[in-house]
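Asker: Any chance you could fold what I've pasted below:
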Amino acid sequence: MKQQKFKRHRFFHFTTQFVNPNWFETNLCKNWLDFLYSLEQIQKQRQDEDIVWHSGLLMSNHIHLLFSTQSYNEHSLVLDLESSLKKQLGTRANLFQRPLPCEPLQHLEHLKAAYKYIYRNPVEAGIVRKVEDYTFSSLYLLLNKDRPSRFNPFLDPFQVIQNLPSRLRWLNSESTYSQFSFDFQEDQGFRF
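Answerer: Numbers count the residues shown, from 1 in each chain. Predicted structure coming up:
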């Protein structure tokens with residue numbers, strides 16, 4: 001079956017190593033809240049833009065962010081995020097290693113793979129056994145486990161909450177999205 005292309009490169013997976021991981025190793029909880037605050041600030045500053053955060057994850061030495069936009073330049077968006085985080089950390093130095101890889105996700109299968117890859121990152125690193133147990137991820141927020149944060153900027157593209165048991169089985173499995181069968185609706189706002 002031939003994969004259908006998105007009409008526009010709306011969805012992006014951004015991941016990068018930190019230039020100095022010591023900034024994030026010392027207090028991941030504070031840095032996670034700073035990250036959420038930065039996403040909130042960008043949305044407030046760009047209210048007329050269609051920026052949607054779909055999933056995010058903060059590790060001690062790198063970051064993952066899955067987002068969509070039609071009218072805003074994805075690289076400028078990543079630079080805005082870095083700028084906001086620099087203010088929170090009180091530094092002028094670059095936080096993200098260059099170049100800033102912002103991968104366009106051109107097919108629904110790419111979006112599914114990136115989504116699962118982000119959440120499985122701490123499992124594959126041996127930090128937690130289940131994806132839902134990693135504190136510094138948007139999945140943890142979606143499951144209402146994060147009490148210190150009152151703000152959740154993420155909109156879940158795969159409706160994890162509505163289909164929690166099957167989605168968590170898929171996220172915790174090593175199988176690909178297509179190998180794992182469940183009721184995925186292809187009319188959830190994705191553009192093909």
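Asker: just the strands in this protein please.
Answerer: 11-17, 52-58, 62-68, 102-104 (DSSP state E).
Asker: of these, which approaches Ser138 most closely?
Answerer: Ser138 lies closest to strand 52-58 among those, at 4.7 Å (C-beta to C-beta). Placement of C-beta: from N, CA and C, glycine included.
Asker: which other residues reach stretch 14-24?
Answerer: 31, 58, 60-67, 74, 78, 89, 91, 93-97, 100-103 (C-beta atoms under 8 Å, 6 or more residues apart in numbering).
Asker: For the helix or strand of the chain with the lowest mean pLDDT, C-alpha coordinates in CSV please.
Answerer: Least confident helix or strand of the chain, by mean pLDDT, DSSP states H and E, is helix 22-25 with a mean of 72. This file holds the C-alpha atoms of helix 22-25, laid out as CSV (Å, rounded to 0.1, in the frame of the first residue of the first chain):
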residue,chain,number,x,y,z
ASN,A,22,25.2,20.0,33.0
TRP,A,23,22.6,22.7,32.7
PHE,A,24,19.9,20.0,32.6
GLU,A,25,21.4,17.2,34.7
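Asker: Could I get the buried residue list for that helix?
Answerer: For helix 22-25, a neighbour-count test (16 or more other C-beta atoms under 10 Å) marks Trp23, Phe24 as buried.
Asker: ditto for stretch 12-30
Answerer: Applying 16+ other C-beta under 10 Å to stretch 12-30 flags Phe12, His13, Phe14, Thr15, Thr16, Phe18, Trp23, Phe24 as buried.
Asker: State the pair within those that is farthest apart.
Answerer: Maximum distance among the buried residues of stretch 12-30 (C-beta to C-beta): 23.9 Å, for Phe12 and Trp23.
Asker: circling back: let me have the buried residues of stretch 12-30 in JSON lines, extended by distance to Phe136.
Answerer: Shown next, in JSON lines, are the buried residues of stretch 12-30 (distance: C-beta to C-beta, whole Å):
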{"residue": "Phe12", "distance to Phe136": "20"}
{"residue": "His13", "distance to Phe136": "17"}
{"residue": "Phe14", "distance to Phe136": "16"}
{"residue": "Thr15", "distance to Phe136": "14"}
{"residue": "Thr16", "distance to Phe136": "16"}
{"residue": "Phe18", "distance to Phe136": "14"}
{"residue": "Trp23", "distance to Phe136": "14"}
{"residue": "Phe24", "distance to Phe136": "10"}
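Asker: I'd like to know which of the residues you listed is nearest to His110.
Answerer: His13 (8.1 Å).
Asker: any idea what sits nearest the closest one, other than its immediate chain neighbours?
Answerer: Nearest in space to His13, with sequence neighbours left out and distances taken as C-beta to C-beta, 6 or more residues apart in numbering, is Ala114 at 4.1 Å.
Asker: Contacts only, for that neighbour.
Answerer: Ala114 neighbours (C-beta under 8 Å, 6+ apart): Phe11, His13, Leu66, Glu103, Leu105.
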